[in-house]
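In: Build me a model:
(one chain, ligands or ions: 1)
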Amino acid sequence: DRGEAFKSAFNREVGKRVGKMTGGEVSFERPDVQFLIDPEADTVECSNHSAFVYGRYRKLERDIPQTKWPCNACQGSGYIGQQQCEKCDGVGLLYETSVEQLTAPVVCDVMDGTETSFHGAGREDVDARMLGTGRPFVIEVFEPRRRDVNTVRLEGDINAFAEDMVEVTGLRLATYNIVEWVKELDASKRYRAVVSFDERVDEDAFTQAVSSLENSSIEQRTPRRVSHRRADITRTREVYQMGGELHTPTKAVVDIHTAGGLYIKELISSDEGRTEPSLAELLEVSATVNKLDVTGVYGESAPFEKDTLFRDDRIVESPTQVSPQSSE
Ligand SMILES: [Zn+2]
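Out: Prediction:
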């Protein structure tokens, strides 16, 4: 009808003129900046949509959470009533820093935004390092005044700021749908665990146990350590690959490649029979993970670095699942 005809002619005309004035490209789909014009009320509303930076992070130190972790005693305020919170010494955080705090402020600053949001492709335990391929993440910058930033320089800026605690690689400018992609894509993981046993373990028994876990299906009931915040269910997850070396009769290093969602500490310890089979059960000893590193994160059905989700031309190789095991 006429209203529609006027509307589209009006939109086209405004688009043409604003495009000419700003040198910007006109888009009626998902523009960076959107104007809502109401000729009747004589108002113009402007929304400056978020910008997205994709990359992979390595966490080189333990005891750094992925995102800001507010103190649960004072709800992050640092105070309980008039008193300084004793649990966090008034800082308001349980952990002094996080991957988010070591990266996002730099991106926010360079893009001149108002705020940021950190989106990770899953997260490792706070006490686990993230090495090897790194873990995909997206930093969303709200109301950015700069979008076309140099990602190589940004990478250098972040790595200088994060001072060897965190390192980012392969930064790219991405479209808004990268967030859902990174959060929803199923990922397999590679781990390295330092394991200790409470009794001496025989070399042959160890080799046999490790190889019998390879290519096996693990029945895992939600671990006790997370059962307060996760539903108590039993799920089945595959171990794709497993290898290891017994360094002393009571200490081993184990490398594991598994489907996402398998809890590694419990694959080793058995969690009092809640994970089956487990290394502890097969060896008939008690086994504990002393140190855990994630060494690889890979998209199961497609690589995380999907071409159509990027708005720059930077070439970044996507790590493949069959690549040789990455060491530190
Ligand atoms: Zn506190």
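In: in the stretch 201-328 of the chain, which ranges drop under the pLDDT threshold?
Out: Along the stretch 201-328 of the chain, segments meeting pLDDT under 70 span 322-328.
In: got the residue ranges for the strands in it?
Out: Secondary structure of the stretch 201-328 of the chain (DSSP state E, counting those that start in this stretch): strands located at 217-221, 234-248, 251-258, 275-276, 287-299.
In: Could you spell out the sheet neighbours of the fourth one, each with its direction?
Out: When pairs are called by DSSP bridges, strand 275-276 turns out to pair with strand 217-221 (antiparallel).
In: and the helix ranked longest in the chain, what other elements does it pack with?
Out: When the chain is parsed with DSSP state H, its longest helix is helix 2-22. In terms of contacts (3 or more Cβ pairs under 8 Å, 6 or more residues apart in numbering; DSSP states H and E), helix 2-22 is packed against strand 33-38. Where C-beta positions appear, they are placed from N, C-alpha and C, glycine not excepted.
In: Could you name the helices and strands sitting against the strand it packs on?
Out: Secondary elements touching strand 33-38 (3+ Cβ pairs under 8 Å, 6+ apart): helix 2-22, strand 43-48.
In: Now render these as JSON lines, adding mean neighbour count, distance to the ion and mean pLDDT.
Out: Output for those, formatted as JSON lines (neighbours: other Cβ atoms under 10 Å; distance: least, Cβ to the ion, whole Å; pLDDT from 0 to 100):
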{"stretch": "helix 2-22", "mean neighbour count": "11", "distance to the ion": "47", "mean pLDDT": "88"}
{"stretch": "strand 43-48", "mean neighbour count": "11", "distance to the ion": "35", "mean pLDDT": "92"}
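In: and those as JSON lines, adding distance to Gln220?
Out: As requested, those are exported to JSON lines (distance: least, Cβ to Cβ, whole Å):
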{"stretch": "helix 2-22", "distance to Gln220": "54"}
{"stretch": "strand 43-48", "distance to Gln220": "45"}
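In: now the longest helix of the chain against strand 33-38, angle please.
Out: 140 degrees (axes from the mean of the first three to the mean of the last three Cα atoms, to 10 degrees).
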